[in-house]
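Asks: Below are the sequence and a predicted model; questions follow.
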Amino acid sequence: MRRPVFHSCPWIYRMMPARFPDHSSLEPAPVWAHFATLCRIPRRSKEEGQLRDYLIRWARERGLDSSVDGAGNLLIRKPAGPGREQKPGVVLQSHLDMVCQKNSGSSHDFSRDPIRPVLRDGWLLAEETTLGADNGMGVALALAVLEDGGLTHGPIEALFTVDEEAGMGGARRLEAGWLQGRLMLNLDTEAWGELYLGCAGGMDVVASRPGTAEPVPEGFVVWRVALTGLRGGHSGVDIHEERGNAIKLLVRVLRDLESRHPLRLADLQGGTARNALPREAFATLALPAGCDPVPVLEAWQDRLRKELRGVDEGLTLAATPAEARRVLSASEQAVWLATLHAAPHGVKRRSLSVPGVVETSDNLGVVDLGPEGGAATFMVRSLLDDASDSLANEIVSLFALSGTRAEKLGPYPAWTPDPSSALLGLCQSVYRREFGGEARVMVIHAGLECGLIGAKYPGLDMVSLGPTIRSPHAPGEAVEVASVGRTWHLLKAVLEEVSS
């Protein structure tokens, strides 16, 4: 295979020492070589420019046409093989950005540092950060298809969207009339052996209010309370597992401390992404001298570990001396702690029409409060657009009781399943032939870009597939190596079948 060329991209030289398992030992080698490159190039949401520029040069060096739309999405076209020009065109779709999560003790800088994966027991994983297999594996698979000179295929378009993880901005502003293909394979699902035919839609709810700071009361001692050790995860894929939400749990602890002592809150931070289950939360608080929070925290740690046994029993609560000069006013503290305590989080309703699938949920993903006010961000998902709007309205109404401003932002539609999809039938037939069994046809509670893309391109026949990814959106994210090989085999077989 022809290896990626780096000479025209000088900043990559600084990243080349990044530790990556010898991809020559992993199969399929072309896919892993591309993923190794992706690990070296920073690609936070809204900062995909370096990767996009690299891919434009990469396409040019291989004689492939590329173009960029007004949203920053990249389209690379590969002409059909000889005699296949009139066959249906296939769009391979994935997103360039990744969720950037790290453990609190990590010094990793997602704006410049490469991801450093390790190979362990058949899984490639990042120990202290997210890996970016979501959706880097989809990008790598599409690049390998574009590069494969031995593949029999019709017209292929590789659509690489931007800003998926921070609001689906790329798909939302995708240029109409740009795509020529009639079939689309979305490569952004995370369970090998499953073919996805629908997904949840949703929106964000952001609540914010200003406050007036007060000085720390005379004779009070300041503490920093940390709730850490939760697994976190994808707010759509993992929401049904009842993993702990660090924000909700710490608010419970603070409410209890508040009932025992005249607690004053200086700040509260938790979570770093609206679409990731919060793994950690921190509060700076002041208590009267002589009030030791440690015994209460130890009791809560034991209580919560029992409550989360088998799911999130690695939870840790700790308090250390800290410094602060100002706190929230007593009235603002009361509003925030009471409202966050009452705010919904988790599964709202399970689907009655699709057994085993969550229909509606929300994730209290980020809180950032200080003495002068702050904000909380929720992500609402549902297979029914009316249901996501209804739950979002409940959250808005809850905050309205205290006069807190709450806005619904960035709604995106659900991808409605089409059981009669010809592409689904073809994928099922190929899977059965190549792997000797039946693929599971699924609807996913996570949000895919298919709903937005389908709204721009009515009639586009879409199916989503991908390798097995564990704990996307959380440090320790891992992809199963063997499932990547199987996905590559299926992808090639489907493209050849479409062109036959």
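Replies: Noted; the coordinates are in hand.
Asks: Now residue 65. Nearest residue, chain neighbours left out?
Replies: residue 77 (4.8 Å; C-beta to C-beta, 6 or more residues apart in numbering). In this view, the C-beta of every residue, glycine as well, is placed from N, C-alpha and C.
Asks: Quickly run through the sheet partners of the helix or strand harbouring the one you found, with directions.
Replies: Assigned by DSSP states H and E, residue 77 belongs to strand 74-78. Sheet pairing for strand 74-78, assigned by DSSP bridges, gives strand 65-68 (antiparallel), strand 156-161 (antiparallel).
Asks: Give me the buried positions along the shortest one.
Replies: Within strand 65-68, the residues that qualify as buried by neighbour count (16 or more other C-beta atoms under 10 Å) are residue 66.
Asks: follow-up on the earlier one: quick one: mean pLDDT for the strand holding residue 77?
Replies: If you average the pLDDT over strand 74-78, you get 98.
Asks: Contacts for that strand next, please.
Replies: Strand 74-78 is contacted from outside by 52, 55-56, 59, 64-69, 96, 145-146, 153, 155-160, 162, 178-179, using C-beta atoms under 8 Å, 6 or more residues apart in numbering.
Asks: and the closest residue to residue 172 other than its chain neighbours, what element?
Replies: Sequence neighbours aside, residue 452 is the residue nearest to residue 172 in space, at 5.6 Å (criterion: C-beta to C-beta, 6+ apart). Following DSSP H and E, one finds residue 452 within helix 450-456.
Asks: Can you name the residues bridging to the residue nearest to residue 65?
Replies: residue 65, residue 157.
Asks: any weak-confidence spans in this protein?
Replies: The chain contains residues with pLDDT under 70 at 1-24.
Asks: can you state the direction angle for the lengthiest helix in it and strand 156-161?
Replies: Using DSSP state H to define each element, the chain has its longest helix at helix 481-498. Interaxial angle of helix 481-498 relative to strand 156-161 (axes from the mean of the first three to the mean of the last three C-alpha atoms, to 10 degrees): 130 degrees.
Asks: mind checking how far helix 481-498 is from the chain centre?
Replies: Its chain's C-alpha centre and that of helix 481-498 lie 24 Å apart, by C-alpha atoms, centre = their mean, to the nearest Å.
Asks: how about the residue nearest to residue 172, what does it touch?
Replies: Residue 452 sits next to 168, 171, 172, 174, 412, 413 when contact means C-beta under 8 Å, 6+ apart.
Asks: same thing but 7 Å
Replies: By C-beta atoms under 7 Å, 6 or more residues apart in numbering, the contact list for residue 452 reads 168, 171, 172, 412, 413.
Asks: any idea how far residue 37 is from it?
Replies: Using C-beta to C-beta, to the nearest Å, residue 452 is found at 27 Å from residue 37.
Asks: Three-state assignment for residue 426, please.
Replies: Here residue 426 takes the helix state, with states given by DSSP: H, G, I helix; E, B strand; the rest coil.
Asks: and it, what is it in contact with?
Replies: With contacts defined as C-beta under 7 Å, 6+ apart, residue 426 is in contact with 494, 497, 498.
Asks: Using ChimeraX, define a selection of the buried residues within those.
Replies: In ChimeraX syntax, the buried subset of these is picked out as below (16+ other C-beta under 10 Å):
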select :494,498
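Asks: can you map out the strands along the stretch 251-400 of the chain?
Replies: Under the criterion DSSP state E, counting those that start in this stretch, the stretch 251-400 of the chain contains strands at 264-270, 276-277, 281-288, 316-321, 326-328, 346-350, 358-370, 373-382.
Asks: out of these, deepest packed?
Replies: Neighbour counts (mean count of other C-beta atoms under 10 Å) averaged over each of the strands of the stretch 251-400 of the chain peak at strand 276-277, with a mean of 28.
Asks: what's in contact with that strand?
Replies: Counting by C-beta under 7 Å, 6+ apart, 99, 101, 232-235, 238, 243, 245, 363, 365, 473-474 sit against strand 276-277.
Asks: Next up, identify which helix or strand the closest residue to residue 115 other than its chain neighbours is on.
Replies: Leaving aside its chain neighbours, residue 115 sits nearest to residue 39 (4.1 Å; criterion: C-beta to C-beta, 6+ apart). Following DSSP H and E, one finds residue 39 within helix 29-40.
Asks: what inclination does that helix have with respect to helix 481-498?
Replies: Using the same axes, to 10 degrees, the direction of helix 29-40 lies 120 degrees away from that of helix 481-498.
Asks: Give the other helices and strands that helix 29-40 contacts.
Replies: Judged by 3 or more C-beta pairs under 7 Å, 6 or more residues apart in numbering; DSSP states H and E, helix 29-40 is in contact with helix 133-147.
Asks: what about 10 Å?
Replies: Under the contact definition 3 or more C-beta pairs under 10 Å, 6 or more residues apart in numbering; DSSP states H and E, helix 29-40 sits against helix 49-61, strand 123-125, helix 133-147, helix 481-498.
Asks: Dump the contacts of residue 426 into a markdown table; add distance to residue 447 as well.
Replies: Formatted as a markdown table, those follow (distance: C-beta to C-beta, whole Å):
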| residue | distance to residue 447 |
| --- | --- |
| 494 | 24 |
| 497 | 29 |
| 498 | 26 |
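Asks: Residue 462 versus residue 421, what's the distance?
Replies: Using C-beta to C-beta, residue 421 is found at 8 Å from residue 462.
Asks: I meant residue 332, not that one.
Replies: In terms of C-beta to C-beta, residue 332 sits 47 Å off from residue 462.
Asks: Outline the domain layout of the protein.
Replies: Split into domains by automatic domain parsing, the chain comes to 10-200+415-498, 203-412.
Asks: List the ones among the contacts of residue 452 that fall in strands.
Replies: residue 412 (DSSP state E).
Asks: on that earlier part again, give the buried residues for the helix holding residue 39.
Replies: 30, 31, 32, 33, 34, 35, 36, 37, 38, 39, 40.
Asks: of those, closest to residue 466?
Replies: For these, the minimum distance to residue 466 (C-beta to C-beta) is 11.9 Å, reached by residue 31.
Asks: wait, that closest one sits on residue 487?
Replies: Yes: the pair residue 31 / residue 487 is scored as a contact, 8.6 Å apart, by C-beta atoms under 10 Å.
Asks: if I look at residue 235, how far off is residue 213?
Replies: Remark: distance between residue 235 and residue 213 (C-beta to C-beta) = 32 Å.
Asks: Between these two, point out the one with more neighbours.
Replies: Shown here are residue 235 and residue 213; by other C-beta atoms under 10 Å, residue 235 has more neighbours (32 against 15).
Asks: Mind listing the residues bridging to the residue nearest to that one when sequence neighbours are not counted?
Replies: Nearest non-adjacent residue to residue 235, counting by C-beta to C-beta, 6+ apart: residue 363, 3.7 Å away. Beta-bridge pairing for residue 363 (DSSP bridges): residue 379.
Asks: Look up how far residue 281 lies from residue 363.
Replies: 14 Å.
Asks: Kindly report the same for residue 82.
Replies: Distance, residue 82 to residue 281, by C-beta to C-beta: 59 Å.
Asks: same question, residue 452
Replies: 32 Å.
Asks: One more: residue 223?
Replies: Counting by C-beta to C-beta, the gap from residue 223 to residue 281 is 14 Å.
Asks: Now that residue 326 has come up, it's in contact with residue 214, right?
Replies: Yes: the pair residue 326 / residue 214 is scored as a contact, 6.5 Å apart, by C-beta under 10 Å.
Asks: Check the contact lists of these two and give me the overlap.
Replies: Residues touching both residue 326 and residue 214 by C-beta atoms under 10 Å, 6 or more residues apart in numbering: 264, 266, 371.
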